[in-house]
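In: here's my sequence, what's the structure:
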Amino acid sequence: MTPKVTAAHLALGHTLAEASGEIIRRYFRTNIAIDDKSDASPVTIADRSAEKVMRHIIEASFPEHGIIGEEFGSQNPDADYVWVLDPIDGTKSFISGVPLFGTLIALTWRGQPILGVIDQPISGERWIGATGHRTELNGKPVGTRPCSKIENATLYATSPDMFNRRNAPGFNRLRKQVKLSRFGADCYAYALLASGFIDLVVEADLKPYDFCALLPIIEGAGGAMTDWDGKKLTTKSDGRVIAAGDKKLLGKTRKLLTA
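Out: Model (predicted):
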């Protein structure tokens, strides 16, 4: 049985978003150094500083909880409750001065995401969803839109480069069937899906800090999100995800991806 998300958990999600957002705004569109990580992805002082402050707040609030972060790795990852952090999901947009990125904050229980936050600190938009709660944008409920036919759907993915030789054929089949396909936006695409502006996000090669926060937000808005095999997402998932605003789209999308 998945435990209840408490008021203290929700409050901490907001506190973490406020603290990280203050740091990110300070560095956005400024002349800061850009380093390359071992996988050639960029990282900045904004990424590192935002994650550090969130870790300190979690340690002070729930010292028994674990933490998994993109920049500083795992701390007590076998705890029942683990916070999963991506301080800037979309660093390439951030360093380009494009406000299509977000801070991702998730709380998992035994590997299952139960609370998620997408915070866009430049536009001042914050989506929060949790098990047993309706997803909200800045305190107001949001919901996905009906779209049961693939041929009417708008599809997003961050980049075509994330689909390797194994995954590219299925994704290309899907692209040919949808009404409109677009690339970019990172986590912001999932926020738009939760608010009813697009219908599908399909991606591959994600890490837990890329997708754990998204699941409670999509489900709390009336949508569905699984891996490509239709299994529920956990911290152990393989990084291939489908988010559908209309639950009827999920099975149809899976068939095209895995045919």
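In: ok, then the element right after the helix or strand hosting Thr135?
Out: Counting by DSSP states H and E, the element that carries Thr135 is strand 133-137. As assigned by DSSP H and E, the chain's next helix or strand after strand 133-137 is strand 140-141.
In: out of everything not next to it in sequence, what's closest to His65?
Out: Across the structure, with Cβ to Cβ, 6 or more residues apart in numbering as the measure, the residue nearest His65 apart from its sequence neighbours is Tyr81 (4.5 Å). C-beta here means a position set from N, CA and C on the backbone, and glycine is covered the same way.
In: that neighbour contacts Gly66, correct?
Out: Yes. Contact status for Tyr81 versus Gly66: in contact at 7.0 Å, counting by Cβ atoms under 8 Å.
In: against which helices or strands is the strand holding Thr135 packed?
Out: In this structure, strand 133-137 packs against strand 125-130, helix 187-194, helix 214-220, with contacts taken as 3 or more Cβ pairs under 8 Å, 6 or more residues apart in numbering; DSSP states H and E.
In: how about 7 Å then?
Out: Here strand 133-137 touches strand 125-130, helix 214-220, going by 3 or more Cβ pairs under 7 Å, 6 or more residues apart in numbering; DSSP states H and E.
In: run the chain-centre distance for it.
Out: Counting by Cα atoms, centre = their mean, to the nearest Å, strand 133-137 is centred 15 Å from the centre of its parent chain.
In: can you check what angle separates that strand from helix 187-194?
Out: 120 degrees (axes from the mean of the first three to the mean of the last three Cα atoms, to 10 degrees).
In: strand 133-137: which residues count as buried?
Out: Buried residues in strand 133-137, counted by 16 or more other Cβ atoms under 10 Å: His133, Thr135, Glu136, Leu137.
In: one more: stretch 225-242?
Out: Burial within stretch 225-242, assessed by neighbour count using 16+ other Cβ under 10 Å, is assigned to Met225, Thr226, Asp227, Trp228, Leu233, Thr235, Ser237, Gly239, Arg240, Val241, Ile242.
In: got the CA coordinates for it in PDB?
Out: Listed in PDB are the C-alpha atoms of stretch 225-242, where the atom choice follows Å, rounded to 0.1, in the frame of the first residue of the first chain:
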ATOM      1  CA  MET A 225       2.300   7.700 -17.800                       C
ATOM      2  CA  THR A 226       4.200   4.400 -18.200                       C
ATOM      3  CA  ASP A 227       7.300   2.900 -19.700                       C
ATOM      4  CA  TRP A 228       7.200   1.700 -23.300                       C
ATOM      5  CA  ASP A 229       6.100  -1.800 -22.100                       C
ATOM      6  CA  GLY A 230       3.200  -0.400 -20.200                       C
ATOM      7  CA  LYS A 231       4.800  -0.900 -16.800                       C
ATOM      8  CA  LYS A 232       4.500   1.600 -14.000                       C
ATOM      9  CA  LEU A 233       7.400   3.900 -13.700                       C
ATOM     10  CA  THR A 234       9.800   3.500 -10.700                       C
ATOM     11  CA  THR A 235      13.300   4.600 -10.000                       C
ATOM     12  CA  LYS A 236      14.400   1.300 -11.600                       C
ATOM     13  CA  SER A 237      12.700   1.900 -15.000                       C
ATOM     14  CA  ASP A 238      14.800   1.900 -18.200                       C
ATOM     15  CA  GLY A 239      14.200   5.500 -19.100                       C
ATOM     16  CA  ARG A 240      11.800   5.000 -22.000                       C
ATOM     17  CA  VAL A 241       8.500   6.800 -21.100                       C
ATOM     18  CA  ILE A 242       5.100   7.600 -22.600                       C
END
